[in-house]
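Participant: sequence unknown, structure follows:
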């Protein structure tokens, strides 16, 4: 609960009471990072679940937010009819699970004009779909350089595409979330893109890549991109040995991040084991956040 909401609730509780009881306990102080939430990207652990199965699994594991990846069995795609879109939204409305947004696979690096036009059009369709089913944003990619094209030209093309989509998404209340991915995964490249885009509706989606640890290291790279963060970021399994997730959680807490940390786990997990696996990752998330809030 925010400080403003807490104050409003306190004022409401005082109406009709001359004074608080002598033994009333003060409201606990707010901790940095207390609004961080844990959710799931449906790539790859949940790729074989139908939408009802996915919602049931998320509810059972208490992983209560999802970014729905395109091409997977849940079938939330731009081809849905208006009635089917209303049905998807109704399923989420009847569930404790939040539809955080859609994970498209669209990218804007191709030197072929027709491919770029197709990617832009497909992203606009995902934006409208996310709006119609109750999401708040669409994940996109950069994504790579080509030997036949100067790097500056590719970057300028990606920047222009993101600026267009930022405007278009704003008209539908949809954030454009640029995943730090592929050939654009180094922090310097991503920073240059975001600095050049300079659009309030185009945000970074941190992706927990090995490149985060290069150069000046995780803390410096995080600090460089943090001003551009949006409502989502991606992590791997939080007990992975090759990425310092406890340190990432500390950086998120210290900067008072207030968005979704979404698990994007590779590999196959049997459907009957998924609830337990997700619950375990959720527990690790809360442990790491709590340690970051109160290091001892």
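Facilitator: It's in. Values in this document were obtained by computation on a predicted structure and should not be read as measured data. Residues are numbered from 1 along each chain as shown.

Participant: low-confidence ranges in the chain?
Facilitator: Within the chain, the stretches with pLDDT under 70 are 1-28.

Participant: so where's the longest helix in it?
Facilitator: What stands out as the longest helix in the chain, according to DSSP state H, is helix 271-293.

Participant: what sits up against that helix?
Facilitator: 31-34, 36, 38, 40, 45-46, 48-49, 53, 57-58, 60-63, 237-239, 245-246, 249-250, 252-254, 261, 263, 265, 269 (Cβ atoms under 8 Å, 6 or more residues apart in numbering). Yep, even glycine has a C-beta here, placed from its N, CA and C like the rest.

Participant: Any of those buried? List them.
Facilitator: Neighbour-count burial (16 or more other Cβ atoms under 10 Å) applied to the contacts of helix 271-293 gives 33, 36, 38, 40, 45-46, 48-49, 57-58, 61, 63, 237-238, 245, 249-250, 252-253, 261, 263, 265, 269.

Participant: Quick check: residue 176 is in a strand.
Facilitator: Yes: when the secondary structure is assigned by DSSP: H, G, I helix; E, B strand; the rest coil, residue 176 falls within a strand.

Participant: Next, the contact list for it, please.
Facilitator: 127, 137, 138, 140, 162, 165, 166, 169, 199, 201, 202, 203.

Participant: Give me the subset of these that lies in strands.
Facilitator: When DSSP state E is applied, the contacts of residue 176 are split such that 137, 138, 140, 202, 203 fall in strands.

Participant: Make JSON lines out of these and add distance to residue 181 and neighbour count.
Facilitator: Shown next, in JSON lines, are the ones in strands among the contacts of residue 176 (distance: Cβ to Cβ, whole Å; neighbours: other Cβ atoms under 10 Å):
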{"residue": "137", "distance to residue 181": "16", "neighbour count": "27"}
{"residue": "138", "distance to residue 181": "14", "neighbour count": "28"}
{"residue": "140", "distance to residue 181": "9", "neighbour count": "29"}
{"residue": "202", "distance to residue 181": "15", "neighbour count": "26"}
{"residue": "203", "distance to residue 181": "14", "neighbour count": "21"}
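
Participant: Among the residues you listed, which one lies nearest to residue 76?
Facilitator: Distances from the ones in strands among the contacts of residue 176 to residue 76 were compared by Cβ to Cβ; the smallest belongs to residue 138, at 11.8 Å.

Participant: Next one: the nearest residue to that closest one once chain neighbours are set aside from residue 114, what distance?
Facilitator: For residue 138, ignoring the flanking residues on the chain, the nearest one in space by Cβ to Cβ, 6 or more residues apart in numbering is residue 126 at 4.7 Å. As for residue 126, its distance to residue 114 is 19 Å (criterion: Cβ to Cβ, to the nearest Å).
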